[in-house]
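*Asks:* Quick one, fold the following:
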Amino acid sequence: MFYSTVAFFQTGGVFMLPILLVFAVGLAISVERWIQLYRIGNQNRQMWEQLHPVLAEGEFDQARDMVNNDNSTISQMLSMGLARQGAVRRRDDIEIAMEEGLMEIIPELEKRTPYVALLANIATLLGLLGTIMGLIEAFTAVASAAPAERADLLSASISVAMNTTAFGLMSAIPLLILHAKLTSTTGKIVDSLEMASVKSLNIISTASQRRYETS
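*Replies:* As a prediction, the model looks like this:
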């Protein structure tokens with residue numbers, strides 16, 4: 001298996017190395033993004049489990065201290081809304097503040113993820129380019145070969161040239177799968193932030209209404 005893989009790589013030509021480099025870069029970005037998104041998701045989940053009971057009790061001052069002393073993305077978003085809650089207490093203003101915080105967070109969550117799909121496309125195109133260049137060299141060699149040798153030489157050259165397309169697809173398919181997974185995970189985190197924002201707004205609105213009725 002090992003020797004077959006090495007032989008496949010060696011016979012593919014000079015374009016095999018750029019494809020391998022593109023795949024390695026895409027894989028490195030995917031791993032880095034996966035680790036970051038996994039960490040962010042865990043931090044948000046843990047923070048919300050601690051913060052939600054405090055909000056439900058109406059202890060907004062304590063909630064503000066908690067989010068101000070935490071670095072999770074959910075704290076960054078809710079801190080802007082809770083800061084506005086302490087000043088104006090209007091739902092629309094608090095909602096706008098949280099949306100502003102979410103707009104700042106989303107680009108950080110999506111950072112470098114589009115490059116994975118881009119690198120997958122580059123790997124495919126490099127594979128096709130390598131095959132085309134290999135075919136050009138094959139037909140050039142066949143043109144000067146003896147008639148009896150042309151069929152065998154052409155079939156062997158085409159087989160070698162197709163290796164780059166195969167390797168390009170072998171690199172692109174995993175990168176596209178990883179890109180889809182990263183995009184899905186990012187979407188889940190954004191949805192959880194929106195859910196936390198809506199729940200927090202409802203709690204704040206209910207608390208404000210109660211204070212208004214009692215006053």
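*Asks:* Let me see the contact set for D70.
*Replies:* Counting by C-beta atoms under 8 Å, 6 or more residues apart in numbering, D70 makes contact with M47. Every residue, glycine included, has its C-beta placed from N, CA and C.
*Asks:* Checking it next. Helix, strand or coil?
*Replies:* Secondary structure state of D70, per DSSP: H, G, I helix; E, B strand; the rest coil, is coil.
*Asks:* Can you point out the buried residues in stretch 17-24?
*Replies:* Along stretch 17-24, the positions that meet the burial threshold by neighbour count (16 or more other C-beta atoms under 10 Å) are P18, I19, L20, V22, F23.
*Asks:* Stretch 51-66 now?
*Replies:* Using 16+ other C-beta under 10 Å as the burial criterion, the residues of stretch 51-66 that qualify are L51, V54, L55, G58, F60, A63, R64, M66.
*Asks:* does the last one really touch L78, like I thought?
*Replies:* No: in this structure M66 lies outside contact range of L78 using C-beta atoms under 8 Å: 9.1 Å.
*Asks:* Need the overlap of contacts for those two.
*Replies:* Applying C-beta under 8 Å, 6+ apart, one finds that M66 and L78 are jointly contacted by L51.
*Asks:* now, the most widely separated pair of the buried residues of stretch 17-24?
*Replies:* Farthest-apart pair in the buried residues of stretch 17-24 is P18 and F23; separation 9.7 Å (C-beta to C-beta).
*Asks:* got any residues that touch both of those two?
*Replies:* Counting by C-beta under 8 Å, 6+ apart, P18 and F23 have no common neighbour.
*Asks:* Low-confidence ranges, this structure, go.
*Replies:* For the chain, the stretches with pLDDT under 70 are 1-10, 86-89, 141, 143-153, 156-157, 208-215.
*Asks:* Tell me where it has helices.
*Replies:* Read by DSSP state H, the chain holds these helices, from start to end of the chain: 2-10, 16-56, 60-68, 73-85, 91-110, 113-143, 147-214.
*Asks:* Packed most tightly, which of the ones you listed would that be?
*Replies:* Per-residue neighbour counts averaged over each of the helices of the chain give the maximum for helix 73-85, namely a mean of 23 (mean count of other C-beta atoms under 10 Å).
*Asks:* Distance from that one to the middle of the chain?
*Replies:* Centre-to-centre, helix 73-85 and its host chain are 25 Å apart (C-alpha atoms, centre = their mean, to the nearest Å).
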